[in-house]
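S.K.: Predicted structure and sequence below. I'll ask about it afterward.
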Amino acid sequence: MSPDSNSDSLYLTHPTPEEKLATWNLNSVNWGTALSVPDYLEREQFLTTVPLARDGGVTHWILVDRTLPPTSPVLVSHSGVITEGITHGIGSVFSQPKFRGKGYASRMLRELGPVLKDWQVDKNICCPFSILYSDIGKKYYAKFGWVPFPSTHIAFPPASNSKPFTAKPLAYPDLEELCALDETYIRRSLETAKDEKVHIALIPNHDVMQWHHKREDFVSGKIFGKSPNIKGAIAGEPGSRVWAVWTRAFYGPLKPESGNTLHILRLVIEDEADVEANATKLKGILEIAQAEAKEWQLGHVELWNPTEFVKQLVKGTELEHSEVEREEESIASLMWYGEGSGTSDDIEWVGNEKYGWC
């Protein structure tokens with residue numbers, strides 16, 4: 001018989017290798033349908049070794065019954081995305097079907113939120129907030145303190161025909177320098193904010209982009225026998241450039257209903273002064289993204305949480321697109337550990353884009 005969710009026999013801990021493997025086997029039906037089960041298990045193990053994840057970058061958590069053998073997992077979550085100071089991102093929250101509806105997920109989340117405030121911190125490093133991306137709407141995680149933030153995107157169809165590129169594709173060797181430069185722009189944005197809100201940002205550094213790209217390379221290698229070389233695109237001259245870094249996400253078989261997507265991880269505009277010129281540059285970048293979506297059999301291209309300025313640019317490209325406000329999937333949610341309401345009324349989440357997803 002399963003214990004009550006309030007039982008003292010339940011405790012939050014870290015899974016053994018056997019428990020991680022058992023849990024990955026179970027949740028492969030939720031998050032591994034683009035791969036065979038052995039390939040999914042190999043991917044999950046591989047992702048623990050990439051730069052963002054190793055050396056404590058990602059932590060596995062499990063809620064277990066101390067009266068049972070240690071190979072009986074109930075629920076697992078990941079954490080560990082670095083910002084200035086640190087924050088923790090919760091991903092892959094899972095409960096075995098036979099344990100659902102018993103309150104175990106609620107128990108784990110109630111305990112995990114406060115734990116993360118002090119996890120991996122010391123006198124020089126604080127954790128001002130933790131995040132997650134809900135795939136079950138806006139209400140469930142809000143009950144435990146993870147408040148939903150704006151979660152929108154612009155969707156573009158794959159290319160319908162081939163055309164010459166007006167932007168330059170980006171490959172692995174291009175990214176590290178651009179990521180470092182982007183970090184300086186984000187810091188500058190936070191330093192120059194003029195309103196009374198608290199401004200926060202995850203840093204889109206090279207390790208973050210590598211995590212997405214290593215994941216992409218692994219999955220595409222299994223599906224296609226090769227990995228994509230084009231990781232984004234750039235247009236313009238230094239000081240007035242526009243660039244985007246992206247990844248391909250495979251959520252199921254190569255069918256339209258699988259929702260396989262080319263996600264723009266991060267969009268950077270160096271100088272917003274010239275709207276028309278920026279729209280032209282953005283159009284060239286998006287046309288490469290659309291061509292890549294077509295080549296890799298992806299249903300569409302997504303650009304998350306565009307600012308009003310970016311929306312203006314998209315309109316200026318005259319490309320077919322639709323604006324979507326997400327209500328159920330990938331809802332950006334934040335638990336604030338400082339003063340104030342912790343909502344978007346008090347907090348401005350700068351760069352709330354796909355690169356922060358975990």
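M.R.: Cool, the structure landed.

S.K.: List the contacts of the closest residue in space to Trp357 that isn't next to it in sequence.
M.R.: Nearest residue to Trp357, sequence neighbours excluded (C-beta to C-beta, 6 or more residues apart in numbering): Tyr133, at 5.4 Å. Where you see a C-beta, it was placed from the backbone N, CA and C, and this is true even at glycine. Residues near Tyr133 by C-beta atoms under 8 Å, 6 or more residues apart in numbering: 91, 330-333, 357-358.

S.K.: tell me which element Tyr133 falls in.
M.R.: Taking DSSP states H and E as the criterion, Tyr133 maps to strand 129-134.

S.K.: Give me the below-cutoff pLDDT ranges for the protein.
M.R.: Low-confidence segments of the chain (pLDDT under 70): 1, 66-84.

S.K.: what about the helices in it?
M.R.: With DSSP state H, the ranges of helices along the chain come out as 17-31, 37-47, 104-118, 172-191, 206-224, 275-295, 308-317.

S.K.: residues in contact with the nearest residue to Glu323 once chain neighbours are set aside?
M.R.: Setting aside the residues directly before and after it, Glu323 is nearest to Ile154 in space (C-beta to C-beta, 6+ apart), at 5.6 Å. The contact partners of Ile154, by C-beta under 8 Å, 6+ apart, come to 302-303, 306, 311, 314, 321-324.

S.K.: who wins for neighbours among those?
M.R.: Neighbour tally across the contacts of Ile154 (other C-beta atoms under 10 Å): the maximum, 27 neighbours, falls on Leu303.

S.K.: From Thr13, how far out is it?
M.R.: Noted for Leu303: a distance of 39 Å to Thr13, by C-beta to C-beta, to the nearest Å.

S.K.: what's the closest non-adjacent residue to Asn27?
M.R.: Phe94 (4.4 Å).

S.K.: Run a quick neighbour tally on that neighbour.
M.R.: Using other C-beta under 10 Å, the number of residues around Phe94 comes to 20.

S.K.: Likewise for the one 4 residues further on?
M.R.: One way to gauge burial is a neighbour count; for Lys98, by other C-beta under 10 Å, it gives 10.

S.K.: can you check the one 3 residues further on too?
M.R.: Other residues lying near Gly101 total 9 when counted by other C-beta under 10 Å.

S.K.: so who does the closest residue to Glu328 other than its chain neighbours touch?
M.R.: With C-beta to C-beta, 6+ apart as the criterion, Glu328 has its nearest non-adjacent residue at 5.0 Å, and that residue is Gly137. Neighbouring residues of Gly137 by C-beta under 8 Å, 6+ apart: 327-328, 331.

S.K.: Can you flag the buried ones in those residues?
M.R.: Using 16 or more other C-beta atoms under 10 Å as the burial test, these include Ile331 as buried.

S.K.: In strands only, show me the contacts of Gly137.
M.R.: Counting by DSSP state E, the part of those found in strands is Ile331.

S.K.: Now the contacts of Gly137 in JSON lines, please, with extra columns for distance to Met209.
M.R.: What follows is the contacts of Gly137, written out as JSON lines (distance: C-beta to C-beta, whole Å):
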{"residue": "Glu327", "distance to Met209": "28"}
{"residue": "Glu328", "distance to Met209": "27"}
{"residue": "Ile331", "distance to Met209": "23"}
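
S.K.: now, which of the contacts of Gly137 sits nearest Glu18?
M.R.: Ile331 (32.6 Å; C-beta to C-beta).

S.K.: which residues are in contact with stretch 246-261?
M.R.: With contact meaning C-beta under 8 Å, 6+ apart, stretch 246-261 is reached by 33-34, 212-213, 215-216, 219-220, 223, 228, 231-232, 262-265, 289, 292-293, 296-302, 354.

S.K.: can you rerun that using 6 Å?
M.R.: Applying C-beta atoms under 6 Å, 6 or more residues apart in numbering, the external contacts of stretch 246-261 come out as 33-34, 212, 216, 219, 232, 262-265, 296-299, 302.

S.K.: That stretch: end-to-end distance?
M.R.: One end of stretch 246-261 to the other measures 10 Å (C-alpha to C-alpha, to the nearest Å).

S.K.: Give the buried residues for that stretch.
M.R.: Across stretch 246-261, burial judged by 16+ other C-beta under 10 Å covers 246-250, 258, 260-261.

S.K.: Take these and keep only those in strands.
M.R.: Assigned to strands by DSSP E, the following of the buried residues of stretch 246-261 qualify: 246-249, 261.

S.K.: Could I get the residues you listed in TSV, plus columns for distance to Asn6?
M.R.: Below are these laid out as TSV (distance: C-beta to C-beta, whole Å):
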residue	distance to Asn6
Trp246	45
Thr247	41
Arg248	43
Ala249	38
Thr261	40
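
S.K.: out of those, which one sits closest to Ala273?
M.R.: Distances from Ala273 to those, taken as C-beta to C-beta, are shortest for Trp246 (25.3 Å).

S.K.: Report the beta-bridge partners for that closest one.
M.R.: Trp246 has these beta-bridge partners by DSSP bridges: Ile264.

S.K.: Quick check: it vs Asp274, distance?
M.R.: Separation of Trp246 from Asp274 (C-beta to C-beta) stands at 24 Å.

S.K.: and the closest residue in space to Val121 that isn't next to it in sequence, how far is that from Trp336?
M.R.: Among residues not flanking Val121 along the chain, Cys127 sits closest, at 5.2 Å (C-beta to C-beta, 6+ apart). For Cys127, the distance to Trp336 equals 11 Å [C-beta to C-beta].

S.K.: If you tally nearby residues, what's the number for the residue nearest to Lys231 when sequence neighbours are not counted?
M.R.: Nearest non-adjacent residue to Lys231, counting by C-beta to C-beta, 6+ apart: Leu170, 5.4 Å away. Applying other C-beta under 10 Å, we find 21 residues neighbouring Leu170.
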